[in-house]
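Asks: what would the 3D arrangement of this be:
(2 chains)
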Amino acid sequence: MGELDRLAMYRQMVRIRQYESRIMQEYHSDKSPAWDIGAGLIPGEMHLAAGQEPAAVGVCAHLKKGDAITAPHRPHHFALAHGVDMNAMTAEIYGRTGGLCKGKGGHMHLFDPENHFSCSGIIAQGLPVACGQAMAFQRKGTDNVAIAVTGEGAANQGAFHESLNLAAVWNLPVIFVIEDNDWAISVPKDASTAGASNADRAAGYGMPGVRVEDNDVEAVFEAAGAAIDRARAGDGPSLIEIHTLRLFGHFEGDAQAYRPELDTVNDRDPIPKYAASLQELGELSNDQIASIQAEADAEVDAAIEFAKSSPEPAPEDALLHVFA
Amino acid sequence: MVQNATVGIIANPASSRDIRRIVARGPATTTNDKINSLARLMEGLAATGVQRVLSMSDAGGIAAGLAAIAAKATASHWPELDFVDQEITHSPTDTVNAARAMHDCDVGAIVVLGGDGTNRLLIGETGDIPVASVSTGTNNAFPRHDEPTVVGFAAGFLATGQVEAATCTYTAKSLTVTAGAESMRALVDVAIVEGDRIASGAVWDERSLREVFLCFAEPEAVGLSSIGGHLHPVCRRQPHGLHIRLDQAARQRVTVPIAPGLVRKLGISSLATLEPHTEVAVEAESGVISVDGERSMRFAPDTPISVSLGPNGPLVLDVPLAMSEAANTTTTTKGEDAHG
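Replies: Numbers count the residues shown, from 1 in each chain, chains lettered A, B, ... in the order given. Down below sits the predicted model:
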């Protein structure tokens, strides 16, 4: 298992949080009318991952060049933690030609071949893809791994079970990471899922299943490290379910009236909690908190500026870089 | 026979899901396995005449699953099933609050589904109420491996007064570890572990172990208590425990299962009897304190750490003893049928 670098993990979580917070501001800044998701500088739906930083940071701390991630419709935290260029990613979210997909994908379709990162708005779509990537690593004889990220609601899709089955049958170096944020859009887990923990479902496919209960980045780090080591060693797939927190709505504009625990979410924010833990350990000072925040602010502001200054695609570009 | 006998049930939805599924070969006791165990338990309780069961509430699907089975016609002979009205915190507090509620209701016995960590949470919470355990954890050194149906019979015989607590229960030992102004309790082991990581709880790296204090040490156990079990067994009912210091450079070696499927060779630098009511100072100047196999608290240099053993754990129902006594005394589950 890799060395635990607490300060680096804290820095990455702050960076992601700043990104999601600023994108939220930008998204709403010029929506007119407010309910028109097609209006404004950032068109389309927006799913932000504030509160879920521990999942991405704890997992990605173990990844190396060549490792792959397939993320769901809420992808920014895993993209940033996996090294996707913030400028190109932001330009993509703004629909600009400087974006990862030249502005044609938007925030749910970020594709970065260099970093083996992809995501999709289709629920559980990334799981079979991750199995394919893992099979390629296996056949090439590398020790790379594929990380298939999905939400707890997606674990009821057929593609989830098909992927676990194939991964087990072929002993693939894939780690299934389930972010259980308690809500599949507005549906609570107990209304949709037979069995409270998807870690249980791993047992049905003969692979280890672990549930990390408390959105703790170090607990994620240790569980993911063990699973990734196992996969790199040729011992096959694992499943990690992380009980995390959706700090914002399912999408921007979601009033979350269905959510009875809404008034408690800020108290469960994992970043101040981790900062306090590091300060108790003597590994984080107030000056460092301020400087890390300032670094994040500057990087995110620069990425947004890059996106805004990137040209919009010309109408005729719609016919380029497509297969049909 | 006690009328309106009530038995409490505490089932930990989080047991058997930690990192030892990967770093060791820890078993996966699923939610449905736990619900099935409870259904078997209920059959045993029903057979002995228990009238009511008070179960912990949870958001992990166990209470809901048990209620769904209880509502079926095939479970109409079960005791009346109620649930503790408690706030769900998704934390060990849920177990503690359930135990307190059961203590306040003066249930005749409490059955716990969990491992060592779950049973540890009951220390000091159950008073004179006997506790029986069903193993659904990882190491399960404290809970016995009795079939839940039989545990239901034993707990039922006890709660209904068909067997005597005086003859089929014993008071478990417990360890108290004091770190400065704070203290924690353990039912099986206290370990002093090198490093400062506590996030994953479980102890699986033998190289990090410095000292182990044991309430009891059974050779057939899995977990840290197996170290003592292989070297110098100590029974649960003996008053003393063990104190072992570890050093991977030591010449004396012992090969033991420190987790399911995780067999390691350990260096032993000393082994001594841990006498009851005697405080033993910890040598390490910094590190992590683990209780019942879970890394729980960091301690810094200059923090004085000491461990003591005492007969102050929960009152434990000895299932084989209870069943033996019942075989000789009870008439509830045997006798002549009026119709031949």
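
Asks: give the contact list for residue 254.
Replies: As the question left the chain open, I've gone with chain A. A:Phe248 (C-beta atoms under 8 Å, 6 or more residues apart in numbering or on different chains). Quick note: C-beta positions are derived from backbone N, CA and C, even for glycine.

Asks: you answered for a different chain; I wanted chain B.
Replies: Neighbouring residues of B:Val254 by C-beta under 8 Å, 6+ apart: B:Ile227, B:His230, B:Leu231, B:Lys265, B:Leu266, B:Ile268.

Asks: who's in contact with the residue lying closest to A:Gly98 once chain neighbours are set aside?
Replies: Among residues not flanking A:Gly98 along the chain, A:Ser310 sits closest, at 3.3 Å (C-beta to C-beta, 6 or more residues apart in numbering or on different chains). Neighbouring residues of A:Ser310 by C-beta under 8 Å, 6+ apart: A:Ala91, A:Tyr94, A:Arg96, A:Thr97, A:Gly98, A:Gly99, A:Gly103.

Asks: any idea of the pLDDT on A:Ser310?
Replies: We have a pLDDT of 98 for A:Ser310.

Asks: now do it against chain B, distance only.
Replies: A:Ser310 is 40 Å from chain B, where distance means C-beta to the nearest C-beta, to the nearest Å.

Asks: now tabulate the contacts of B:Val254 in JSON lines and tack on neighbour count and pLDDT.
Replies: As requested, the contacts of B:Val254 are arranged in JSON lines below (neighbours: other C-beta atoms under 10 Å in any protein chain shown; pLDDT from 0 to 100):
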{"residue": "B:Ile227", "neighbour count": "28", "pLDDT": "98"}
{"residue": "B:His230", "neighbour count": "18", "pLDDT": "98"}
{"residue": "B:Leu231", "neighbour count": "17", "pLDDT": "98"}
{"residue": "B:Lys265", "neighbour count": "10", "pLDDT": "97"}
{"residue": "B:Leu266", "neighbour count": "24", "pLDDT": "97"}
{"residue": "B:Ile268", "neighbour count": "20", "pLDDT": "98"}
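
Asks: sorry, back to before: got JSON lines for the contacts of A:Ser310, with neighbour count, pLDDT and secondary structure too?
Replies: Below are the contacts of A:Ser310 laid out as JSON lines (neighbours: other C-beta atoms under 10 Å in any protein chain shown; pLDDT from 0 to 100; DSSP: H, G, I helix; E, B strand; the rest coil):
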{"residue": "A:Ala91", "neighbour count": "26", "pLDDT": "98", "secondary structure": "helix"}
{"residue": "A:Tyr94", "neighbour count": "26", "pLDDT": "97", "secondary structure": "coil"}
{"residue": "A:Arg96", "neighbour count": "21", "pLDDT": "97", "secondary structure": "coil"}
{"residue": "A:Thr97", "neighbour count": "16", "pLDDT": "96", "secondary structure": "coil"}
{"residue": "A:Gly98", "neighbour count": "17", "pLDDT": "97", "secondary structure": "coil"}
{"residue": "A:Gly99", "neighbour count": "24", "pLDDT": "97", "secondary structure": "coil"}
{"residue": "A:Gly103", "neighbour count": "21", "pLDDT": "94", "secondary structure": "coil"}
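
Asks: of those, which pair is most distant in space?
Replies: The largest separation in the contacts of A:Ser310, counting by C-beta to C-beta, is between A:Tyr94 and A:Thr97 at 10.1 Å.

Asks: give me the common contacts of those two.
Replies: Taking C-beta under 8 Å, 6+ apart as the criterion, A:Tyr94 and A:Thr97 both touch A:Gly103, A:Ser310.

Asks: so which residue is dead centre in chain A?
Replies: Taking C-alpha atoms, centre = their mean as the criterion, A:Phe78 is the residue nearest the geometric centre of chain A, at 3.4 Å.

Asks: circling back: closest to A:Asp30 among the contacts of A:Ser310?
Replies: Each of the contacts of A:Ser310 was checked against A:Asp30 using C-beta to C-beta; the closest is A:Tyr94, at 11.7 Å.

Asks: excluding chain neighbours, what is closest to that closest one?
Replies: A:Tyr94's closest residue in space is A:Ala307 (C-beta to C-beta, 6+ apart), at 4.1 Å.

Asks: and whatever helix or strand that neighbour lives in, what's buried?
Replies: Element membership for A:Ala307, per DSSP states H and E: helix A:286-309. Residues of helix A:286-309 classed as buried under the neighbour-count rule (16 or more other C-beta atoms under 10 Å in any protein chain shown) are A:Gln288, A:Ile289, A:Ile292, A:Ala296, A:Glu299, A:Val300, A:Ala303, A:Ile304, A:Phe306, A:Ala307.

Asks: just checking, the second one touches A:Tyr274?
Replies: Read it as A:Ile289. No. In terms of C-beta atoms under 8 Å, A:Ile289 does not count as a neighbour of A:Tyr274; the distance is 11.1 Å.

Asks: which residues does B:Gly61 contact?
Replies: B:Gly61 neighbours (C-beta under 8 Å, 6+ apart): A:Asp190, A:Gly195, A:Ala196, A:Ser197, B:Pro13, B:Thr31, B:Ile35.

Asks: pretty sure the fourth one contacts B:Arg17?
Replies: Yes. Judged on C-beta under 8 Å, A:Ser197 makes contact with B:Arg17 at a distance of 6.3 Å.

Asks: overlap in contacts, those two.
Replies: A:Gly209, A:Arg211.
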